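1. Just the structure for this:
(4 chains)
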2 protein chains.
Amino acid sequence: MSNSDKPRYQQLKDLIITQISSGELGPNDRVPSENELVESMRVSRMTANRALRELTDEGYVERIAGRGTFVSDFRSRSHMLEVHNIADEIEQRGHRHTCDVLRNSRQHARGEIARALHVEQGTDVFHLLLVHFENGVPIQVEDRHVLAEFAPFCAQQDFAAVTPSAYLTSIAPLQEAEQIVRAQLPNAAVRTQLQMPEKEPCLVVMRRTWAHGRPVTFARLHHPGSRYELTGHYTPPGTTKSASEGVVQLEKLER
Amino acid sequence: MSNSDKPRYQQLKDLIITQISSGELGPNDRVPSENELVESMRVSRMTANRALRELTDEGYVERIAGRGTFVSDFRSRSHMLEVHNIADEIEQRGHRHTCDVLRNSRQHARGEIARALHVEQGTDVFHLLLVHFENGVPIQVEDRHVLAEFAPFCAQQDFAAVTPSAYLTSIAPLQEAEQIVRAQLPNAAVRTQLQMPEKEPCLVVMRRTWAHGRPVTFARLHHPGSRYELTGHYTPPGTTKSASEGVVQLEKLER
DNA sequence: TGGACTAGCCTGTATATACAACTTACAGGT
DNA sequence: ACCTGTAAGTTGTATATACAGGCTAGTCCA
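-> You can find the predicted model right below:
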C-alpha cells in the first residue's frame, strides 16, 4: 500500500479530503471530532488535532471551539473556482450570465492540443466553443479542449446551464492550473462573436488545468479589452489577510 | 503585554520572523534547533517543533532531517519578488537587462494617485518613468509613484542599476500586492517608447503594493502585446507542488 | 593513508496526559 | 414560565516521552 507508508496524520487528512471532494461531506457538514477520530481511527488526539488543524490552514474546514469542525462552504474554500468560473464571477457582480454553445463535438487531438494535454496525436478529446454574456453583452469566447477519457459524458452536457468549469470541477477536484495572459488583436471570427470594433484588442488567457496528476483540459479564453480585466491579489505566506475593502476600490478608481 | 497573551508557539514564530526580516538572520543561516529552543526559550520540544514546522509551511525556513533548520533563500521564499522584478525575470531567461530613466522627480500626489495610495491630495510622492529593455529591445514602460515618506531617498537612486522594485523591497518587505491586467491600445508616447507598430495592443498591468500595512507604491506597466506575456501558476492549498517541467513548456508551445 | 563504523546531533512522527476556554443541553430551583 | 448552574463535549494549547531515520564528524582499524 502506498497509504501505509504515509504518516498517519496525512492519512487522516487524505481521508477527509476525499470525503469532501466526493460530496460525501458537503459544505457546513460536521466533520468527526478529535475524540471521535481517536476512537474510530485508533490514533492519539494530538495526531487527529494535527490533521484537522492543517485542514483548517488549508481552507478545507473551519473549527469552532466548543462546537466542532465543519466543512468550509464553497466560497471560502477554493480560490481556484473563483478564478475559473466566469458564471459565478458575473453573478457575484449581481449581473445576469447567459451562454451560447456554438460547438460541442468529439475530435481527435492534433498538434498543439495533443502536446498541451500530454497525449498521443489522435487521442479523443471534446472540443467546446462557447460565448459567455454578461447582461446580454458578450464578454468571453471560450475555446476549450477536454480529455475524453477524463470527462466521457461531455456530449450530453448542457453547457449553457452549467459552465464547463463547473462541470469539470464536479467530476474531480482540479489540482493545479497554469495560465498565460496576452494582449492580442482578435481574428475576424472572435471579433464578430464578441461584437468588437475594428481595432480593439483582446485580453487572451490560455489556461491548462490538471486533475489526477495530469493535464485534462486546455482553454483559450478571448475577452474584449474594453469590457474585461483580470484582477489578482497576492499575500506572502503566513500573513493574515487584510480586510479587502481598500483593495476593491482600485478597480473603480481607474475606470 | 500583547505578546504574553499570544500562544507560545506563535511567540516563537514572531521572534524568528522578526530576526529574518530585520536581517539578523540571512538566507541560508542556521536557525536554532528544536532542542536549542527548548533550552533557551523554556518550551517543550513539541512547541518548538510546531513553530518551526509552521514556518516551513509558510516558506520562511527549510528543514533538513539530520542537519538543521535554515532560512529559505530569497528565491524560494517570495513569489512576490519574482513577479515584481523584471530585471531578474529577464536575467533568468539568460538575457541582458538595461534600463532608461526618463524621469525621477518629486511631486504632489493628485487625483487618482492620491486615492490609490490612500493619502491626502498634495502629499509628497516620487514619480518615476523608466523603460526596460531585454537585449536592447524595449519591453516595459514603468510609470510609478512612490510615497516619499516611505522611500525618502528615491531622488539619489540610480534606477538604471537597481530597479525600483528591487530598491523598494530592500527598504521594507512588501506585504501585499494587488494588480489589474488589461489589454489596451497605447497612447502615442508609450507606443514610441516601446517602438511598437501602429495597431499593436499593450498588455497593461496596474499594481499597488503594501508595506507597513499601507499602500506605498502604485505602478502602471505597459508591455508590447507581441513581445510580452504574463504567466501564472496556481495550486490549491495543501497540494504538494508537482515538478514544474511540464508547466514551462506551454509557453514555447504556443509561440 | 584510506576506508568503515559509530556516537551524537538533527528532524519527523506518534502517544499519553493535562488544563483552559468555549458551547450546548439539561436539570433544578425560583 | 423563566432563569441559573452544571455537566458533557468540543477546540486550543502545552508538556514529557519515545522511537525511527537522516546527516556529520571523528575515531578506530586495516
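2. Was I right to think A:Y234 contacts B:Q175?
-> No - using CB atoms under 8 Å, A:Y234 makes no contact with B:Q175, being 9.6 Å away. Every residue, glycine included, has its C-beta placed from N, CA and C.
3. Please work out how many residues are found near the residue nearest to A:E24 when sequence neighbours are not counted.
-> Closest residue to A:E24 apart from its sequence neighbours, by CB to CB, 6 or more residues apart in numbering or on different chains: A:T18 at 7.9 Å. Neighbour count of A:T18, defined by other CB atoms under 10 Å in any protein chain shown: 12.
4. One more: the one 3 residues further on?
-> Residue neighbour count, defined by other CB under 10 Å, stands at 14 for A:S21.
5. Give the closest residue to it in space, chain neighbours not counted.
-> Spatially, and ignoring its direct neighbours in sequence, A:S21 is nearest to A:P173 (4.4 Å; CB to CB, 6+ apart).
6. mind checking the SS state of the one you found?
-> Three-state call for A:P173 (DSSP: H, G, I helix; E, B strand; the rest coil): coil.
7. How much space separates it from DNA strand D?
-> Per CB to the nearest atom of the strand, to the nearest Å, A:P173 is found 23 Å from DNA strand D.
8. Would you check how far apart that residue and B:V146 are?
-> From A:P173 across to B:V146, the span is 42 Å (CB to CB, to the nearest Å).
9. higher neighbour count, the two?
-> Set A:P173 next to B:V146 and count neighbours by other CB under 10 Å: B:V146 wins out with 24 against 19.
10. can you list the weak-confidence ranges in the stretch 151-255 of chain A?
-> The stretch 151-255 of chain A contains residues with pLDDT under 70 at A:235-255.
11. Can you give me every residue that contacts the residue in it positioned nearest to chain B?
-> Nearest residue of the stretch 151-255 of chain A to chain B, counting by CB to the nearest CB: A:P201, 3.0 Å away. For A:P201, the contact set (CB atoms under 8 Å, 6 or more residues apart in numbering or on different chains) comprises A:183-186, A:225, B:183-185, B:201-202, B:225.
12. can you check A:I64 too?
-> Contacts of A:I64 by CB under 8 Å, 6+ apart are A:F70.
13. Please tell me how far the residue in chain A positioned nearest to DNA strand C sits from A:S33.
-> Here chain A gets closest to DNA strand C at one residue, A:G66, 2.4 Å apart by CB to the nearest atom of the strand. According to CB to CB, A:G66 and A:S33 sit 11 Å apart.
14. Kindly report the residues of chain A close to DNA strand C.
-> Within chain A, the positions lying close to DNA strand C (CB under 7 Å from any atom of the strand) are A:7-10, A:42-47, A:64-67.
15. and after the helix or strand harbouring A:S165, which helix or strand comes next?
-> Following DSSP states H and E, one finds A:S165 within helix A:164-171. Moving toward the C-terminus from helix A:164-171, the next helix or strand (DSSP H and E) is strand A:176-184.
16. Next, the angle strand B:176-184 makes with that following strand.
-> On the basis of axes from the mean of the first three to the mean of the last three CA atoms, to 10 degrees, strand A:176-184 is oriented at 40 degrees to strand B:176-184.
17. helices or strands up against strand A:176-184?
-> If you count contacts as 3 or more CB pairs under 8 Å, 6 or more residues apart in numbering or on different chains; DSSP states H and E, strand A:176-184 packs onto helix A:79-84, strand A:202-211, strand B:176-184, strand B:202-211, strand B:230-234, helix B:245-253.
18. chain center to the second one, what's the gap?
-> Its chain's C-alpha centre and that of strand A:202-211 lie 11 Å apart, by CA atoms, centre = their mean, to the nearest Å.
19. cool, the shortest one as well?
-> The chain centroid and the centroid of strand B:230-234 are separated by 15 Å, computed with CA atoms, centre = their mean.
20. In that strand, which residues are buried?
-> B:230, B:232, B:234 (16 or more other CB atoms under 10 Å in any protein chain shown).
21. how close does A:S33 get to DNA strand D?
-> 4 Å.
22. now A:T209
-> Distance of A:T209 to DNA strand D, given as CB to the nearest atom of the strand: 32 Å.
23. again with A:Q157
-> Going from A:Q157 to DNA strand D by CB to the nearest atom of the strand gives 38 Å.
24. Show the contacting residues for the closest residue in space to that residue that isn't next to it in sequence.
-> For A:Q157, ignoring the flanking residues on the chain, the nearest one in space by CB to CB, 6+ apart is A:Y167 at 5.7 Å. Counting by CB under 8 Å, 6+ apart, A:Y167 touches A:151, A:154, A:157, A:159.
25. Looking at these, spot the one nearest B:N135.
-> Distance to B:N135 across these (CB to CB) is lowest for A:A151, with 43.0 Å.
26. Nearest residue to that closest one in space, please, no chain neighbours.
-> Nearest residue to A:A151, sequence neighbours excluded (CB to CB, 6+ apart): A:I171, at 5.6 Å.
27. I'd say the one you found and A:F150 touch.
-> Yes - using CB under 8 Å, A:I171 is in contact with A:F150, at 7.0 Å.
28. where do the contact lists of those two overlap?
-> By CB under 8 Å, 6+ apart, A:I171 and A:F150 have these common neighbours: A:A211.
29. Of these two, which one has the most company?
-> Using other CB under 10 Å as the criterion, A:I171 and A:F150 rank with A:F150 on top: 19 against 16.
30. Stretch A:216-228: how far from the chain's middle?
-> 15 Å.
31. same check, this time on stretch A:189-207
-> From the chain centre to the centre of stretch A:189-207 is a distance of 23 Å (CA atoms, centre = their mean).
32. now do the same end-to-end measure for that stretch.
-> For stretch A:189-207, the separation between the terminal residues is 21 Å (CA to CA, to the nearest Å).
33. so what's A:R53 up against?
-> By CB under 8 Å, 6+ apart, the contact list for A:R53 reads A:R63.
34. Going along the chain, name the helices of chain A.
-> Applying DSSP state H to chain A gives helices spanning A:8-21, A:34-41, A:45-57, A:74-77, A:79-84, A:86-92, A:111-116, A:164-171, A:188-193, A:245-253.
35. Just to check, A:L25 is in contact with A:I16?
-> Yes - with contact defined as CB under 8 Å, A:L25 counts as touching A:I16 (7.4 Å).
36. got any residues that touch both of these two?
-> Common neighbours of A:L25 and A:I16, using CB under 8 Å, 6+ apart, are A:V31.
37. List the contacts of stretch A:180-193.
-> Contact with stretch A:180-193 is made by A:102, A:131, A:138, A:141, A:194, A:196, A:198-207, A:222, A:225, A:230, B:181-184, B:199-204, B:223, B:225, B:229-232, B:250-251, B:254, as judged by CB under 8 Å, 6+ apart.
38. Pull out the buried residues from the residues you listed.
-> When neighbours are counted using 16+ other CB under 10 Å, the contacts of stretch A:180-193 contain these buried positions: A:131, A:138, A:141, A:194, A:196, A:200-207, A:222, A:225, A:230, B:181-184, B:200-204, B:223, B:225, B:229-230, B:232, B:250, B:254.
39. Show me which residues of chain A sit near DNA strand D.
-> A:31, A:33-36, A:45-46, A:49, A:52-53, A:56, A:63-69.
40. Got a ChimeraX select line for the buried ones in the residues you listed?
-> Burial among these is assessed by 16+ other CB under 10 Å; the matching ChimeraX selection reads:
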select /A:31,33,34,49,52,53,63,69
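41. Report pLDDT for the closest residue to A:H108 other than its chain neighbours.
-> Counting by CB to CB, 6+ apart, A:H108 lies nearest to A:G122, which is 4.6 Å off, once chain neighbours are set aside. The model reports A:G122 with a pLDDT of 92.
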